[in-house]
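*Asks:* sequence first, then the predicted structure, then my questions.
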Amino acid sequence: MTTTLGVISSGRGENLRYILQEERSGRLPARVGVVLVDQPDAGALRIAREYGASAYFLDPAGLSREEYDKKLIAHLEAEGVQLVILTGYMRILSPYFVRHYRDRILNIHPALLPSFRGMDAFSQALEHGVKWTGTTVHIVDEEVDHGPIVYQIPVRVLDSDTHDSLKARIQRAEYRAYPKAIKMFIEGRPRVQGRTLVWQTEEKN
Ligand code: GAR
């Protein structure tokens, strides 16, 4: 059975591109049903249209967080979305939204959580002097960059790294991590137990 994804983004949409490519190649047991963005110039909108996926800009102007999230939910439900995928979505979801899709929202963050939550995880890693950082796909809960971890890929920090070189390597890891995590999540049907996941099928990472 194919799972219907709803992707929500504020940004470039490169993760979306790799998810769409995996979908089109038949390697993902899912289809992107709808892409929703909160910025009229979000790259994700252009990428979605390039691939023929339905995509909408939903204007947050004048709406409270919950009012906006109700609008998102209406679009996601109209497309029969079963799993919500955040890619560079810069608004904090309301508790209402998180409750509505409890344990069915994934996010990707460019660090090995719980390290370096929030903005500019690349600078945070460089300033801290860590030797390894990476990327994390996690379930979204009420706190930012916080819910149970689905999948991680570590990335070495080199002495010669600049913000941009580290960012580029982490983002390349993200393009492998997100489609893989989505596939694992759909096929493995994990149950959340505290901060950990209990997989129904053997985890293949
Ligand atoms: C990704 O690097 C993702 O990890 C980051 O936004 C970027 C979106 O890129 N998200 C966060 O920092 C969330 N805390 P994209 O729009 O090209 O997919």
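*Replies:* Now that the structure is in, tell me what you want to look at.

*Asks:* buried ones in stretch 185-199?
*Replies:* By neighbour count on 16 or more other Cβ atoms under 10 Å, the buried set for stretch 185-199 is F185, I186, E187, G188, P190, L197. For glycine as for every other residue, the C-beta is placed from the backbone atoms N, C-alpha and C.

*Asks:* who are the contact partners of the residue of the chain found nearest the ligand?
*Replies:* Per Cβ to the nearest ligand atom, G88 is where the chain lies closest to the ligand, at 2.6 Å. Residues in contact with G88, defined by Cβ atoms under 8 Å, 6 or more residues apart in numbering, are S9, S10, G11, R12, G13, N15, A44.

*Asks:* quick check, pLDDT for it.
*Replies:* At G88, the model reports a pLDDT of 96.

*Asks:* residues in contact with the residue lying closest to it once chain neighbours are set aside?
*Replies:* The shortest distance from G88 to any non-neighbouring residue, by Cβ to Cβ, 6 or more residues apart in numbering, is to G11 (3.3 Å). Neighbour list for G11: Q39, A42, G43, A44, T87, G88, Y89, M90 [criterion: Cβ under 8 Å, 6+ apart].

*Asks:* which of the buried residues of stretch 185-199 fall in helices?
*Replies:* Assignment to helices by DSSP state H places the following of the buried residues of stretch 185-199 there: F185, I186, E187, G188.

*Asks:* let's see stretch 41-59 as PDB, backbone CA atoms only.
*Replies:* The C-alpha trace of stretch 41-59 is given here as PDB (Å, rounded to 0.1, in the frame of the first residue of the first chain):
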ATOM      1  CA  ASP A  41       8.900  32.400  -3.100                       C
ATOM      2  CA  ALA A  42       9.800  29.000  -1.400                       C
ATOM      3  CA  GLY A  43      11.900  26.900  -3.700                       C
ATOM      4  CA  ALA A  44       9.800  23.900  -2.600                       C
ATOM      5  CA  LEU A  45       6.900  25.300  -4.600                       C
ATOM      6  CA  ARG A  46       8.900  25.400  -7.800                       C
ATOM      7  CA  ILE A  47      10.400  21.900  -7.300                       C
ATOM      8  CA  ALA A  48       6.900  20.400  -6.500                       C
ATOM      9  CA  ARG A  49       5.500  21.900  -9.700                       C
ATOM     10  CA  GLU A  50       8.600  20.600 -11.700                       C
ATOM     11  CA  TYR A  51       7.600  17.100 -10.600                       C
ATOM     12  CA  GLY A  52       3.900  17.700 -11.200                       C
ATOM     13  CA  ALA A  53       3.000  17.400  -7.500                       C
ATOM     14  CA  SER A  54       0.200  19.600  -6.200                       C
ATOM     15  CA  ALA A  55       1.500  22.500  -4.300                       C
ATOM     16  CA  TYR A  56       0.000  25.600  -2.500                       C
ATOM     17  CA  PHE A  57       1.200  28.700  -0.800                       C
ATOM     18  CA  LEU A  58      -0.900  29.300   2.300                       C
ATOM     19  CA  ASP A  59      -0.500  32.800   3.500                       C
END
